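**Q** prediction below, plus the sequence it came from.
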Amino acid sequence: MGDSQKRLGQFFTPPEVARTLVRWVVRSPQQRLLDPACGDGEFLVCHRRAVGIDVDGNHAVTARARAPATLVHEGDFFLWAAGTSERFDAVAGNPPFIRYQAFSGRTRERALAEAARLGARFNGLCSSWAPFLVVAAGLLRPGGGMAFVVPAEIGHATYSRPLLESLCRRFGRVHVIAFRDKLFPELSEDCWLLHCAGSGGQTDEILLSPLEQFAALDEPPPGPRRVSLASWRAAGARLRKFLLPEGALALYDELARLPSVRRFSQVGRAGIGYVTGANDFFHVRPSEAQFWRLPQEVLRVSVRKAEQLPENCVDGAAVRGWLANDEPVLLLNLAGVDPLPRTVQEYLDSDGGHRARQTYKCRSRRPWYVVPDVKTPDAFLSYMSGLSPTLVSNPARCACTNSLHAVQLSPGSNVEHLQRAWRTPLCQLSCELEGHPLGGGVLKLEPGEVAKVCLPYDGPALGSTDFRTIAEALTNARRWRHYIPQESSPALACLGPEEGRHARLGYRPRAK
């Protein structure tokens, strides 16, 4: 994939997917079809009475050559949509997926303004594909339909809420089709399908079809799960939660409401660690500290990344091991140090110091060499993980970078109790439902997501059937983000009958 293709968020659609989506929305040869980001024309070749728009001139030329009976415009879709009086019977396509960091400038302003005019107000973290769908829906005639490839972010991103709310106000049927197997195997990003029918109507539910893999169908898959907007909103506007079987989700919701189950925000807070702007300069090895004769009082032992963490706690033994291995774990912490020791000034004036002070973060703060927000957390929490996030206590009183979450406990909370609750399958399932997949099997937990995680402090009394339901739901959730746990995982360990095994997971089996 070329740099231009990545910058424009272009991932071309397999022909069988394009043909399927066009069949879902085009009912007769006379109907007019719009593809708002036509790329090389894969959707246009499926229907002669089609109009395509693409910002890339080379792709527009290719689309015209592949579909000579269609009309292809080169330019910004949002600018074209704001000025056109044309209306269509159907819309189908694969909108560009440009993350908010690169989705900027006049194009972004036009996109968000057009979406807002149509009733969908997106936040500053919105990616490009969401306003594409809203604006495209505004170009449909009454009774029309649209079908799109969409990122699986529609199941959890914050901006999926205004998108789906808007679509439910505009269509009589809104249907999301999710696939466990990747629609684009070469991409880390999961993609699903969206079908909306009955433009001009409205609905109070979202239809959801969780499927193993894509199959070409003449109609959207039958027998979808009906998710009311009320239950979707109560679930934090996260459609991904409803990928779980109904019984498992009902049990999870029942357990989450128990008095003994607390949310993380009730016992503590997870925030990001400090940002140096030049990690390799501000973190030194013991041998480097000795070479520069840096005073011990300006150095703090710090955890730089999750891979550095022991299994349960950062204690004196862990710190001694890092120092003995001459690892770069000593943070140059100059907050409140005035005047600067001569040897520190010499280090700041070194070649590395001159390079560091030119970085964005260092240029933006005064003085450049004082790293802000250096905290001493009660525990560390990994925010990107494979099998499960790691919660590690901090009796050694180390600091941490923003590669980890710094956990501060509320008064009266106990870190050992928190760790016991964290290891339970119920809490691990809650991490899956409140966190979100990042691609490649990785689970990510933002601070706001950590706050909602359920913690069974006093061990809800569960029978073996409920144990199995929660454990299987956890395995299922991990499979949806493409992480397959090993047989030794806590999710499967809780299936055994031994009471001690249950106890290790923080549960009390209910008496039979």
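**A** Noted; the coordinates are in hand.
**Q** give me the element Ser287 is part of.
**A** Element membership for Ser287 (DSSP states H and E) is helix 286-292.
**Q** show me what that helix is packed against.
**A** helix 342-348 (3 or more C-beta pairs under 8 Å, 6 or more residues apart in numbering; DSSP states H and E). From N, CA and C alone the C-beta is placed, and that goes for glycine too.
**Q** follow-up on the earlier one: what about dumping the CA coordinates of the helix holding Ser287 to CSV?
**A** Output of helix 286-292 as CSV, limited to C-alpha atoms (Å, rounded to 0.1, in the frame of the first residue of the first chain):
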residue,chain,number,x,y,z
PRO,A,286,23.2,3.6,36.5
SER,A,287,26.5,3.6,34.6
GLU,A,288,25.5,6.8,32.8
ALA,A,289,24.5,8.4,36.0
GLN,A,290,27.9,7.5,37.5
PHE,A,291,29.7,8.8,34.4
TRP,A,292,28.0,12.2,34.5
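**Q** chain center to that helix, what's the gap?
**A** In terms of C-alpha atoms, centre = their mean, to the nearest Å, the gap separating the centre of helix 286-292 from the centre of its chain is 40 Å.
**Q** so what strands line up beside whatever helix or strand comes next after it?
**A** Per DSSP H and E, helix 286-292 leads on to strand 299-303 as the next helix or strand towards the C-terminus. The pairing partners recorded for strand 299-303 under DSSP bridges are strand 330-332 (antiparallel), strand 399-400 (parallel).
**Q** give me the neighbour count for the nearest residue to Trp129 once chain neighbours are set aside.
**A** Using C-beta to C-beta, 6 or more residues apart in numbering and skipping residues adjacent in sequence, the residue nearest Trp129 is Pro95, 4.1 Å away. Pro95 has 24 neighbours, counted by other C-beta atoms under 10 Å.
**Q** sorry, back to before: and of the strands paired with strand 299-303, who's closest to Val174?
**A** strand 399-400 (42.5 Å; C-beta to C-beta).
**Q** next one: that closest one to chain centre, how far?
**A** Distance, centroid of strand 399-400 to centroid of chain: 24 Å (C-alpha atoms, centre = their mean).
**Q** show me what it is in contact with.
**A** The contact list for strand 399-400 (C-beta atoms under 8 Å, 6 or more residues apart in numbering) reads 273-274, 300-304, 331, 333, 374-377, 380, 406.
**Q** any of the residues you listed buried? List them.
**A** 273-274, 300-304, 331, 333, 374, 377, 380, 406 (16 or more other C-beta atoms under 10 Å).
**Q** now tabulate the residues you listed in a markdown table and tack on pLDDT and distance to Asp54.
**A** A markdown table is the format used below for those (pLDDT from 0 to 100; distance: C-beta to C-beta, whole Å):
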| residue | pLDDT | distance to Asp54 |
| --- | --- | --- |
| Gly273 | 95 | 43 |
| Tyr274 | 97 | 44 |
| Arg300 | 97 | 53 |
| Val301 | 98 | 54 |
| Ser302 | 98 | 48 |
| Val303 | 97 | 47 |
| Arg304 | 95 | 44 |
| Leu331 | 98 | 49 |
| Asn333 | 98 | 52 |
| Val374 | 97 | 49 |
| Pro377 | 98 | 49 |
| Phe380 | 98 | 47 |
| Ala406 | 97 | 45 |
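**Q** distance of the residue nearest in space to the middle of the chain relative to His156?
**A** By C-alpha atoms, centre = their mean, the mean C-alpha position of the chain lies nearest to His436, the distance being 4.2 Å. Plainly put, His436 is 4 Å away from His156 if you go by C-beta to C-beta, to the nearest Å.
**Q** please apply the same query to Ala197.
**A** 24 Å.
**Q** pull the number of nearby residues for Ala130.
**A** 28.
**Q** over to Arg117?
**A** Neighbours of Arg117 (other C-beta under 10 Å): 12.
**Q** circling back: now do the same contact list for the residue nearest to Trp129.
**A** Pro95 touches 36-37, 128-129, 132-133, 136, 148-150, counting by C-beta under 8 Å, 6+ apart.
**Q** which members of those are positioned in helices?
**A** 129, 132-133, 136 (DSSP state H).
**Q** Gly268: which of these is nearest?
**A** Closest to Gly268, out of all of the ones in helices among the contacts of Pro95 and judged by C-beta to C-beta, is Trp129, at 35.5 Å.
**Q** unless I'm mixing things up, the closest one is touching Ala152, no?
**A** No. Contact criterion C-beta atoms under 8 Å: Trp129 and Ala152 do not qualify, at 11.4 Å.
**Q** which of the three states applies to Gln202?
**A** coil (DSSP: H, G, I helix; E, B strand; the rest coil).
**Q** please report how far it lies from Asp253.
**A** 27 Å.
**Q** again with Pro259
**A** 15 Å.
**Q** and for Ser127?
**A** Ser127 is 29 Å from Asp253, by C-beta to C-beta.
**Q** which one of the two has more residues nearby?
**A** Higher neighbour count among Ser127 and Asp253: Ser127, with 22 against 13, using other C-beta under 10 Å.
**Q** am I right that the more buried one is in contact with Thr158?
**A** No. With contact defined as C-beta under 8 Å, Ser127 does not reach Thr158; the gap is 10.9 Å.
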